[in-house]
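[1] what follows is a predicted structure for the sequence shown.
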Amino acid sequence: MATMAKGQTGIREVKTFCRICEPMCGLVATVDGDELTQLRPDADNPVSRGQACPKGIAMTQVQNDPDRVTEPLRRRADGTFEPVSWDEAMDDIAVRLKRVLADGDPHAVGWYFGNPTYFSYSHFLWMKGFVDAIGTRNLFSANSQDVASRFTANALVYGSSLAIPLADITRTDLWLIFGGNPLVSHGSLVSTPRIKDELTALRDRGGRVVVVDPRLSETAREHEHVGIRAGTDAWLLMSLICVLFEEGLVDTAAVTEQVDDIGPLRDAALLLPPELTVERTGVPADRVRALARDLAAAPSAVVYGRTGAHTQDFATLIAALTDALCVLTGNLDKPGGLTFGRPMVPWSKIAKLAGLATYATKRSRVGDYPEVAGTLPSVVMPAEMTTPGPGRIRAFFCSAGNPVNTAPGGDTLVEALGGLDLFVALDLYVTETTRHADYVLPVTTFLERDDPPFIPNELATTPFAQFSDPVLPPRGQAREEWQIIDDLSRRVGLVPSSVPAARLLGRLGVRVPPHVVLALAVRLSPEGDFFGLRRKGLSLRKLRERPSGIVLGDGVPTGGGRWRKAVSHKDKRLHFAGPELVGELQRLLARPAPDPALPLRLTGLRELRSHNSWMHNAPKLMGGRKPHAARMAPSDAAACDVADGDQIRIVSRSGAIELPVLVTDEITPGNIAVPHGWKHEGGWRVATAASGNNPNLLLGTECDDRNVERISGQTVMVGVPVRVEPADSVPVAAPAAAAAVPT
Ligand SMILES: Nc1nc2c(c(=O)[nH]1)N[C@H]1C(S)=C(S)[C@@H](COP(=O)(O)OP(=O)(O)OC[C@H]3O[C@@H](n4cnc5c(=O)[nH]c(N)nc54)[C@H](O)[C@@H]3O)O[C@H]1N2
Ligand SMILES: Nc1nc2c(c(=O)[nH]1)N[C@H]1C(S)=C(S)[C@@H](COP(=O)(O)OP(=O)(O)OC[C@H]3O[C@@H](n4cnc5c(=O)[nH]c(N)nc54)[C@H](O)[C@@H]3O)O[C@H]1N2
Ligand code: SF4
Ligand SMILES: [Mo]
């Protein structure tokens, strides 16, 4: 079923699952007529077993939010919005888009899709299809603020940007985490419902979780903590590898079988023993040596990085090094080690077959950055809109994203958006980004559309299948993204598909809707029933009969050379000696010491009752909230002449923001942490009242290696050099000298 019809009657309970973050916890919705009255955890879901977090429960308030956009809005000249009919909106959008396309430059159309897109198969497939049908390279996403580095490492090490390795954390004896806080984020690049309980169980059976983090995070507090100076993880990882080689702890048989050439990595690592890197990282040498020995000795171990590690300079190298540590200690493709998932539908493999698991097949016009899995870095988006010449973006779409708030250089983006011929947003709210759109088109929430657990299902530590029909009819005039894209495509004469054969069929009048694509994909997947040929296989009918979901196996399959299937290089080995990674090793070795004029390092953190820049309009999550604040160590606060609760000014090479400070010994000295996703203005009134400030205004937006990693387009958000002063002191510009120092 696609969209549910309005006019339902009676009170009913419907099983579904949350699509806000990666565990996708089971939910039960109570529905009265067409109205959602409550969400609660689904006790029958075999993986989340009656667990959901406050955000999932608070989705009721997003669903019913009076501030939600429920009819198409058109921006007036004075910046306010007026409701218009779908036809009025789509007619005008189609005319203006056709005008842009008529000039024959496909790159004049740009699209940014945000994080919630990874939870909606129909949105993702139709958006990508539309962009591919136009033929523009100007596709942007939250990836460059998140996983572009990890995807680049996948491309370099395994030969496919979408070959994402999975840390088998539920069976491991030692989980070494770089820059992740699963007790708050609920896990990322691992989809493990009840992750907190899983980690407690791991410890109770004698295993360990060790967290490398500049903050004594919630996970570090409950397990083991290694404090680090933000932005220096690459040096620590190199020292761990150095110790393995120095002390003869490398599993040479595994390396010979699995790696093409370990030489360059070994030689570089041997130059960075822990005694030499302690000054950068702040991690004592004996701690590093002990950790390396523990990794080698553990029956199974897995090294993992997440946003704290993947959004700093050298992030691609970091992602490769975490994998290298797993290989060097003999932990590739074994239970509790580094594995590959068993999804209900292998979307990334399908993408690979369709030629979409790409890296560097196109480059941005501005800055010459490679595409990574199809998207370019959002940092160049404003310049791609303003730099004259062929390929300039003139028509722009933004779906499920808030880049003014979440990407670097929000202010520059706002200015650039003002110069477009057409800007169309598909969102639940008028946000810091969508308020600049010519049209804000109302979309369904995940409760109003059908979905399987989409992309994060590839990284489920317990292989799992589920399907949810829409729980509710769309509120007001909301439509699913794919329907909007389909409607627009028809009006401009396109078939939104990434597959050329499907575009051809579409032109002949055969247009297959997403739920048919899904039904086929489920039945023809390795887990599928092959239309009855495999009695135990999956179909949507079978999934509908088991609405709390189906466990496909106790754990992800390992062994028997399974890792080779993930490798696309011709020699079927992992590559750590390609020119890009060797270049990064050389860059690391040549890296000068940091600039003393900006002595602190900026980092971030996530909060339990916040989700990136959204969900801040749910009173349930915002009630009793303390104002948005930075976190600093007591010794640094004293040195900067600021005290707990003071309004401070954080100054970087590129900007300055003011906000209150919380002085706490959670922070390892030398760092300052600011949660992202704040500084609200727009139609979401509760969020706007809380406002806060935006740490991304401290990030530089020039195409400069200090701001953007050259090989991945990854924005450097963590480890950015800053200084702090009392906000009531006279502002002085960032030290001129600092601009010239390559920190
Ligand atoms: N400083 C700093 N910045 C960061 C990060 C950080 O750690 N530090 N983290 C980065 C990361 S990991 C990410 S993923 C990005 C996120 O960056 P974005 O994806 O750009 O932003 P979100 O805050 O997730 O905004 C999601 C938007 O989608 C809307 N929305 C919600 N559900 C739906 C839906 O079903 N359909 C549609 N069409 N819209 C919907 C919401 O109203 C909201 O406007 O932020 C990044 N920015
Ligand atoms: N409650 C909540 N849950 C979320 C989200 C949310 O906004 N709120 N966002 C979702 C999204 S889009 C994502 S991508 C995931 C992210 O999932 P995670 O990456 O687990 O998210 P964080 O909780 O931000 O954890 C990052 C950790 O890195 C640390 N860190 C910062 N700088 C450095 C550094 O230089 N080195 C090291 N080693 N660590 C560093 C931070 O202190 C923090 O503890 O979370 C998802 N889940
Ligand atoms: S942990 Fe994530 S998926 Fe689970 S209920 Fe909370 S927001 Fe939803
Ligand atoms: Mo993310």
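    Okay, I see it. Ligands and ions are numbered 1, 2, ... in the order given.
[2] please make it C-alpha for all contacts and neighbour counts, starting now.
    OK.
[3] elements contacting the one helix or strand V722 maps to?
    Assigned by DSSP states H and E, V722 belongs to strand 720-726. With contacts defined as 3 or more Cα pairs under 8 Å, 6 or more residues apart in numbering; DSSP states H and E, the packing partners of strand 720-726 are strand 600-603, strand 647-652.
[4] is ligand 1 within reach of the helix or strand following the last one?
    Think strand 647-652. The helix or strand immediately downstream of strand 647-652 is strand 656-663, counting by DSSP H and E. No: using Cα under 6 Å from any ligand atom, strand 656-663 never reaches ligand 1; the gap is at least 12.7 Å.
[5] who does strand 656-663 touch, helix- and strand-wise?
    Judged by 3+ Cα pairs under 8 Å, 6+ apart, strand 656-663 is in contact with strand 630-632, strand 647-652.
[6] adjacent strands (with direction) for the longest one?
    Each strand that pairs with strand 647-652, with its direction, by DSSP bridges: strand 656-663 (antiparallel), strand 720-726 (antiparallel).
[7] pick the most deeply packed of those strands.
    Burial of these is given as mean neighbour count (mean count of other Cα atoms under 10 Å); strand 720-726 ranks first at a mean of 23.
[8] just the mean pLDDT for it, thanks.
    What strand 720-726 shows for mean pLDDT is 97.
[9] repeat for stretch 533-553
    Here the average pLDDT along stretch 533-553 is 97.
[10] i'd like the first residue to be 32 from this point on
    Sure thing, new numbering starts at 32, so read that last one as stretch 564-584.
[11] give me the buried positions along that stretch.
    568-571, 573-574, 578-583 (16 or more other Cα atoms under 10 Å).
[12] what's in contact with it?
    Stretch 564-584 has contacts (Cα atoms under 8 Å, 6 or more residues apart in numbering) with 46-47, 57, 73, 75-78, 493-499, 550, 553-554, 558-561.
[13] only whichever of the residues you listed are buried, select them in PyMOL.
    The following PyMOL line selects those of the contacts of stretch 564-584 that are buried, judged by 16+ other Cα under 10 Å:
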select buried, resi 46+47+57+73+75+76+78+493+494+495+496+497+498+499+553+554+558+559+560+561
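[14] related to what we said a few turns ago, then the strand holding V753 to CSV, C-alphas only?
    Below are the C-alpha coordinates for strand 751-757, written out as CSV (Å, rounded to 0.1, in the frame of the first residue of the first chain):
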residue,chain,number,x,y,z
VAL,A,751,39.2,23.2,14.8
PRO,A,752,41.6,25.6,16.6
VAL,A,753,39.8,28.2,18.6
ARG,A,754,40.3,30.5,21.5
VAL,A,755,37.8,31.7,24.2
GLU,A,756,37.3,35.0,25.8
PRO,A,757,34.6,36.6,28.0
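[15] and the contacts of it?
    262, 626, 628-634, 671-673, 677-684, 730, 774.
[16] and what of stretch 233-252?
    When contacts are defined by Cα under 8 Å, 6+ apart, stretch 233-252 is touched by residues 201-215, 230, 254-261, 339, 634, 697-699, 702.
[17] now, which of those residues lie within strands?
    Among the contacts of stretch 233-252, the members falling in strands (DSSP state E) are 205-209, 255-258, 634, 702.
[18] so which of those residues also contact ligand 2?
    Counting by Cα under 6 Å from any ligand atom, 209, 634 from the ones in strands among the contacts of stretch 233-252 sit close to ligand 2.
[19] quick check: PyMOL command selecting the buried ones in the ones in strands among the contacts of stretch 233-252.
    Only the buried entries of these go into this PyMOL selection, using 16+ other Cα under 10 Å:
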select buried, resi 205+206+207+208+209+256+257+258+634+702
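[20] go through the ones in strands among the contacts of stretch 233-252 and say which is closest to G398.
    Nearest to G398 out of these is T634 (Cα to Cα; 25.1 Å).
[21] would you mind listing what in the stretch 232-381 of the chain touches ligand 2?
    So the stretch 232-381 of the chain meets ligand 2 at 243-246, 248, 261-262, 264, 337-340 (Cα under 6 Å from any ligand atom).
[22] return the member of these nearest to ligand 1.
    T338 (6.1 Å; Cα to the nearest ligand atom).
[23] which one, of the helices and strands packed on strand 687-694, ends up nearest to ligand 3?
    Of all the helices and strands packed on strand 687-694, strand 661-663 comes closest under Cα to the nearest ligand atom, at 23.8 Å.
[24] which intervals of this structure have sub-threshold pLDDT?
    Residues of the chain that meet the criterion pLDDT under 70 lie in 32-33, 763-774.
[25] pull the longest helix from it.
    Longest helix in the chain by number of residues, with DSSP state H as the criterion: helix 117-133.
[26] quick one: residues contacting the residue at minimal distance from the centre of the chain.
    Compute the mean C-alpha point of the chain, and by Cα atoms, centre = their mean the closest residue is D177, 4.3 Å away. D177 makes contact with 338, 341-342, 745 under the criterion Cα under 8 Å, 6+ apart.
[27] make it 10 Å
    Neighbour list for D177: 146, 337-342, 745-746, 748 [criterion: Cα atoms under 10 Å, 6 or more residues apart in numbering].
[28] ramachandran angles for it?
    For D177, the backbone dihedrals are phi -140, psi -80 (criterion: degrees, to the nearest 10).
[29] how close does G524 get to ligand 2?
    Shown here: G524 relative to ligand 2, a distance of 35 Å by Cα to the nearest ligand atom, to the nearest Å.
[30] thought that residue was touching G540?
    No: using Cα atoms under 10 Å, G524 is not in contact with G540, being 11.6 Å away.
[31] tally of neighbours for A447?
    A447 has 18 neighbouring residues, counting by other Cα atoms under 10 Å.
[32] so the one helix or strand F454 maps to, near ligand 1 or not?
    Here F454 is covered by strand 453-458, with elements defined by DSSP H and E. Yes: Strand 453-458 reaches ligand 1 (Cα under 6 Å from any ligand atom) through 457-458.
[33] just the CA trace of that strand, in CSV.
    Below are the C-alpha coordinates for strand 453-458, written out as CSV (Å, rounded to 0.1, in the frame of the first residue of the first chain):
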residue,chain,number,x,y,z
LEU,A,453,14.1,28.7,-8.0
PHE,A,454,14.4,27.2,-4.5
VAL,A,455,12.0,24.4,-3.5
ALA,A,456,12.0,22.7,-0.1
LEU,A,457,10.4,19.5,1.0
ASP,A,458,10.1,19.5,4.8
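[34] partners of that strand, with directions?
    Going by DSSP bridges, the partners of strand 453-458 are strand 426-430 (parallel), strand 470-473 (parallel).
[35] hang on, the earlier thing: which one of the helices and strands packed on strand 687-694 lies nearest to A346?
    Closest approach to A346 among those is made by strand 678-683 (20.4 Å; Cα to Cα).
[36] got the contact list for that closest one?
    629, 631-633, 660-661, 668, 671-673, 687-693, 703, 726, 728-731, 751-760, 762-766, 769-770.
[37] from the chain's centroid, how far away is it?
    27 Å (Cα atoms, centre = their mean, to the nearest Å).
[38] for that strand, which positions count as buried?
    Buried residues in strand 678-683, counted by 16+ other Cα under 10 Å: 678-683.
[39] rebuild the residues you listed as JSON lines, extending it with distance to ligand 3.
    Shown next, in JSON lines, are these (distance: Cα to the nearest ligand atom, whole Å):
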{"residue": "Q678", "distance to ligand 3": "31"}
{"residue": "I679", "distance to ligand 3": "32"}
{"residue": "R680", "distance to ligand 3": "32"}
{"residue": "I681", "distance to ligand 3": "31"}
{"residue": "V682", "distance to ligand 3": "33"}
{"residue": "S683", "distance to ligand 3": "33"}
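[40] if we can go back for a sec, among the helices and strands packed on strand 687-694, which is nearest V410?
    Of all these, strand 678-683 comes closest under Cα to Cα, at 17.0 Å.
[41] any bit of that closest one sitting next to ligand 1?
    No: judged by Cα under 6 Å from any ligand atom, strand 678-683 makes no contact with ligand 1; its nearest approach is 13.5 Å.
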